[in-house]
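# the sequence and its predicted three-dimensional model are supplied below.
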Amino acid sequence: MRVLDREANAFLYQQVIDFVEQQYQQGLLKAGDKLPSLRKLSQQFGISVPTVKQAYIELERRGQVQARPQSGYYVKATTAKTLLPMRNKWAGANPVEVNCRSLIEQVYDAIHIPDTVALGISNPIKVQAPDKTLARLMRKVLSQVSDKAVSYGPVNGDQKLRMQLAYRYQEQGVQVNFEDIVITCGAQEAISIALQCVAQKGDVIAIESPCYFGITELIETLGMKAVEIYTCPEQGICLEELEQSIAEHNIQACVFSTAINNPLGSKMPDEKRAKLVELIERYQVPLIEDDVYGELYFSGEKPKPAQLFSTEGLVMTCSSFSKTAAPGYRVGYLLPGKYEEEAKRIKRAQSCSTAMLPQWTLTEYVLSGDYDRHLLTLRKKLMYNCERMRCAIAQYFPKDVCISQPQGGSVLWVRCSSKVNTSDFFQQAIDAGVSFAPGVIFSPSGKYHNYMRISFGVEWDNKVEQAIKTLGEIIHQHYQKYQLIYED
Ligand SMILES: Cc1ncc(COP(=O)(O)O)c(C=O)c1O
C-alpha cells in the first residue's frame with residue numbers, strides 16, 4: 001500500500017493531486033483514462049473518501065479531469081484549446097439555395113479508398129462493431145423465415161420492432177403507439193419523409209449552423225432553401241436567433257439534431273429542448289428532430305426527445321440504428337406526430353417498405369439485451385477516443401487550433417486560422433493516406449472554410465495517431481504557405 005506523508009506540510013488532498021499529476025507526467029495515466037474510484041484510492045492511501053474527493057474536485061476545477069455523473073472522473077486532454085461559443089461574431093443569415101454536392105461526394109468516396117485512415121465520415125460503430133453477434137442472429141432469423149425474407153414487408157415495417165421502439169420511447173415518458181411508427185431506410189429517409197410531409201419545393205427550412213451535410217444535401221435535392229441558425233458548441237441551437245428568424249422568414253419547418261449535434265457534439269439541455277418545442281408550437285412551425293446520436297451521450301442521462309414536450313403533434317422524431325449498431329442495414333424510423341397518414345403515404349410511394357431481414361435481426365438484438373450492453377461499452381470507448389484524439393490534435397496541429405469538447409457523438413469540430421481554407425488540402429491529405437471532412441460542407445452559405453470535422457469513431461491505434469500527425473504536418477505547411485503567425 002502506498003502511504004502519504006502525514007508529517008509533510010502539504011495537505012493530504014494536495015498529495016493526492018501530486019500523485020495523479022505524476023502518473024500523468026510519467027504516461028501511466030493518459031487523456032481519456034478513468035481515475036481510480038474514490039473508494040479504491042482512499043483504501044490505497046489509507047485516507048478518507050472525502051479527502052480523495054476534495055483532490056478530484058480541485059483537479060476538475062483546474063480543468064485537468066472531467067467528472068461524469070454516475071461514471072467517475074476522467075483525465076482531460078489539457079493541452080487542447082477548447083472551442084468556445086462565438087455568438088457575437090455571428091451575422092444573421094438569410095435563406096439560401098443549397099449547393100455543395102461535389103465536395104460531399106469526395107468525402108463519401110474517400111471512405112472506400114484502400115489504405116486510407118478514414119476520419120471524414122462519422123461511423124461510431126467502428127469503435128466496436130457488433131458484426132459477429134448480428135451475423136449470428138441473422139443466420140438464426142433466416143433459418144426460420146427464409147421464404148418471408150424475400151417478400152415485401154408491411155409499409156410501416158416489422159410490428160415487433162416497432163413495439164420495441166415504442167417501448168424504449170415510452171420508458172422516457174413519450175406517449176407513442178407502436179402503430180404510429182414508420183420504419184424507414186435509415187434516418188436519412190425518415191428526415192426526407194418528414195420534410196415532404198410539411199414542406200414543398202421553394203420552402204424555407206431552418207437548420208443548425210454548422211449542420212450535418214446530409215441534411216443540406218437533402219434540402220437541395222428537394223428544391224428547398226435553408227436558413228442557418230447559430231448553434232452553440234455547448235448548448236445547441238440559439239432560441240433567440242430562431243425566434244427572430246421565424247419572424248423574418250416564412251419558415252416551413254425546422255430540422256435540428258436536438259439531442260447531440262453533428263459536427264459540434266453539443267448537447268442541448270433538456271429544459272432548453274422543452275423551450276424549443278414551446279417556441280415552435282407557439283409559431284406553428286413543425287420540428288423535425290434528428291435523434292441519431294441520442295444514444296451516444298457521454299454523461300448523465302439519455303437526452304429527452306423533443307417529442308416528449310410536444311402537445312400539438314408538431315414534432316417528428318427521426319432516428320436509426322446506423323450510429324449504434326449497423327449503418328449498412330439501413331434501418332431507421334420515424335415518429336410522425338400528427339402527420340402519420342401523410343408519412344405512411346409518402347413511405348409507400350417512395351420505397352414501398354424497408355428490407356425485413358435486417359429489421360428482424362435488429363429486433364432479436366434489442367430483445368436479447370445485447371444491444372443495451374453494447375451501447376454501454378460503445379459510449380465508454382467513444383469517450384476515451386474523444387480525449388485521445390483531442391490530445392493528439394493538440395500535439396500535432398498548429399498551436400492556435402481550437403477543438404470542440406463534445407458531450408456525445410463521434411466527431412470533433414476543429415477550427416484553424418481564419419486564413420486557411422481546409423478544402424485546399426483535402427486532396428493532399430487523401431494522397432497522404434488520411435481523410436477528413438472540410439468545414440465548408442457544413443454550411444450551405446459556405447461558412448466554416450477554416451474548420452474541419454475529424455471522426456474519433458475509429459479503433460484507436462498507432463495508425464490513427466500517425467494519421468493525425470500527417471494531417472498536422474500538412475496544416476503546418478499551409479500555415480507557412482500563407483506565412484501565418486499563430487493566433488493566440
Ligand atoms: C446527424 C445525422 N443525421 C442523419 C444521418 C443519416 O443516418 P442514416 O445512416 O441512418 O440514414 C447521419 C449520418 O451520418 C447523421 O450524422
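Arrived safely. Not measured: the values here are computed from a predicted model.
# what pLDDT does residue 451 get?
Residue 451 carries a pLDDT value of 97.
# who touches it in this structure?
Going by C-beta atoms under 8 Å, 6 or more residues apart in numbering, residue 451 touches 210, 413, 414, 415, 416, 422, 438, 439, 442. All C-beta spots, glycine's among them, are computed from the backbone N, C-alpha and C.
# what are the bridge partners for it, then?
Beta bridges link residue 451 to residue 415 when assigned by DSSP bridges.
# what residues does this structure have near the ligand?
Residues of the chain lying near the ligand by C-beta under 6 Å from any ligand atom: 122, 186-188, 212, 214, 257, 262, 290, 292, 320, 322, 327, 332.
# now the helices for the stretch 251-400 of the chain?
Counting by DSSP state H, counting those that start in this stretch, the stretch 251-400 of the chain has helices at residues 270-282, 340-351, 356-368, 370-396.
# tell me which of the ones you listed lies nearest to residue 230.
helix 270-282 (13.7 Å; C-beta to C-beta).
# so what's residue 127 up against?
Applying C-beta under 8 Å, 6+ apart, we find residue 127 in contact with 378, 381, 382, 385, 410, 457, 458, 459.
# what's the third one in contact with, if anything?
Residue 382 is in contact with 124, 127, 296, 298, 409, 410, 456, 457, counting by C-beta under 8 Å, 6+ apart.
# now the fifth one
For residue 410, the contact set (C-beta under 8 Å, 6+ apart) comprises 122, 123, 124, 127, 293, 296, 323, 382, 385, 455, 456, 457.
# repeat the analysis, applying 10 Å as the threshold.
Neighbouring residues of residue 410 by C-beta atoms under 10 Å, 6 or more residues apart in numbering: 121-127, 260, 262, 265, 293, 296, 323, 378, 381-382, 385-386, 389, 455-458.
# all the helices of the stretch 1-150 of the chain, in order from the start?
12-25, 38-45, 49-61, 101-109, 131-149.
# neighbouring contacts of the helix or strand following the last one?
The first helix or strand that comes after helix 131-149 along the chain, using DSSP states H and E, is helix 159-171. The set of residues that contact helix 159-171 without belonging to it, under C-beta under 10 Å, 6+ apart, is 154, 156-158, 174-183, 291, 295, 302, 305, 307-308, 317, 319, 321, 331, 333, 335, 354, 356, 358-367, 371-372.
# residue ranges in the stretch 351-488 of the chain under the pLDDT threshold?
484-488 (pLDDT under 70).
# also the chain?
1-3, 87-92, 98-101, 484-488.
# report the closest residue of it relative to the ligand.
residue 186 (2.6 Å; C-beta to the nearest ligand atom).
# next, count neighbours for the closest residue to that residue other than its chain neighbours.
Among residues not flanking residue 186 along the chain, residue 332 sits closest, at 4.3 Å (C-beta to C-beta, 6 or more residues apart in numbering). Residue 332 has 25 neighbours, counted by other C-beta atoms under 10 Å.
# residue 311 too?
Residues near residue 311, counting by other C-beta under 10 Å, number 9.
# pull the contacting residues for it.
Contacts for residue 311 (C-beta under 10 Å, 6+ apart) come out as 277, 278, 281.
# most neighbours, which of those residues?
Most crowded among the contacts of residue 311, counting by other C-beta under 10 Å, is residue 277 at 22 neighbours.
# biggest strand in this structure, by residue count?
Longest strand in the chain by number of residues, with DSSP state E as the criterion: strand 225-232.
# pull the distance from the helix or strand that comes right after that one to the chain's centre.
Next helix or strand after strand 225-232 toward the C-terminus (DSSP H and E): strand 236-237. Distance of strand 236-237 from its chain centroid, counting by C-alpha atoms, centre = their mean, to the nearest Å, is 13 Å.
# show me what strand 236-237 packs onto, helices and strands only.
Under the contact criterion of 3 or more C-beta pairs under 10 Å, 6 or more residues apart in numbering; DSSP states H and E, strand 236-237 touches strand 204-209, strand 225-232, strand 251-256, helix 270-282.
# pull out the buried positions in the very next helix or strand once past that strand.
Next helix or strand after strand 236-237 toward the C-terminus (DSSP H and E): helix 239-248. For helix 239-248, a neighbour-count test (16 or more other C-beta atoms under 10 Å) marks 239, 241, 242, 245, 246 as buried.
# stretch 228-241 too?
Residues of stretch 228-241 classed as buried: 228, 229, 230, 231, 232, 233, 234, 236, 237, 238, 239, 241 (neighbour count, 16+ other C-beta under 10 Å).
# determine which two of those residues are furthest apart.
Spanning the widest gap among the buried residues of stretch 228-241 are 228 and 234, at 18.2 Å by C-beta to C-beta.
# list the beta-bridge partners for residue 225.
residue 97, residue 204.
# in this structure it contacts residue 219, no?
Yes: if you go by C-beta atoms under 10 Å, residue 225 and residue 219 touch, sitting 7.4 Å apart.
# the more surrounded of these two?
More crowded of residue 225 and residue 219, by other C-beta under 10 Å: residue 219, with 25 against 20.
# isn't that one right next to residue 252, touching?
No: the pair residue 219 / residue 252 is not scored as a contact, 11.1 Å apart, by C-beta under 10 Å.
# what residues are shared contacts of the two?
195, 199, 203, 204, 205, 225.
# picking that back up, angle of the longest strand of the chain against strand 204-209?
Strand 225-232 runs at 30 degrees relative to strand 204-209, counting by axes from the mean of the first three to the mean of the last three C-alpha atoms, to 10 degrees.
# for strand 225-232, name the packing helices and strands.
Using 3+ C-beta pairs under 10 Å, 6+ apart: strand 225-232 touches strand 96-97, strand 204-209, helix 213-221, strand 236-237, helix 239-248, strand 251-256.
# that one versus helix 239-248: what angle between them?
Using the same axes, to 10 degrees: strand 225-232 against helix 239-248 is 160 degrees.
# orientation of strand 225-232 relative to helix 213-221 in degrees?
Angle of strand 225-232 versus helix 213-221, following the same axes, to 10 degrees, is 160 degrees.
# with just CA atoms, put strand 225-232 into PDB.
Taking Å, rounded to 0.1, in the frame of the first residue of the first chain, the C-alpha atoms of strand 225-232 are listed here in PDB:
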ATOM      1  CA  LYS A 225     -34.000  26.600 -49.200                       C
ATOM      2  CA  ALA A 226     -32.100  26.600 -46.000                       C
ATOM      3  CA  VAL A 227     -31.700  29.300 -43.300                       C
ATOM      4  CA  GLU A 228     -28.900  28.700 -40.800                       C
ATOM      5  CA  ILE A 229     -29.500  29.300 -37.100                       C
ATOM      6  CA  TYR A 230     -26.500  29.800 -34.800                       C
ATOM      7  CA  THR A 231     -25.700  26.700 -32.800                       C
ATOM      8  CA  CYS A 232     -23.500  26.900 -29.700                       C
END
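# any chance of the helices and strands packed on strand 225-232 in CSV, plus distance to residue 80?
Below are these laid out as CSV (distance: least, C-beta to C-beta, whole Å):
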stretch, distance to residue 80
strand 96-97, 33
strand 204-209, 23
helix 213-221, 25
strand 236-237, 21
helix 239-248, 28
strand 251-256, 27
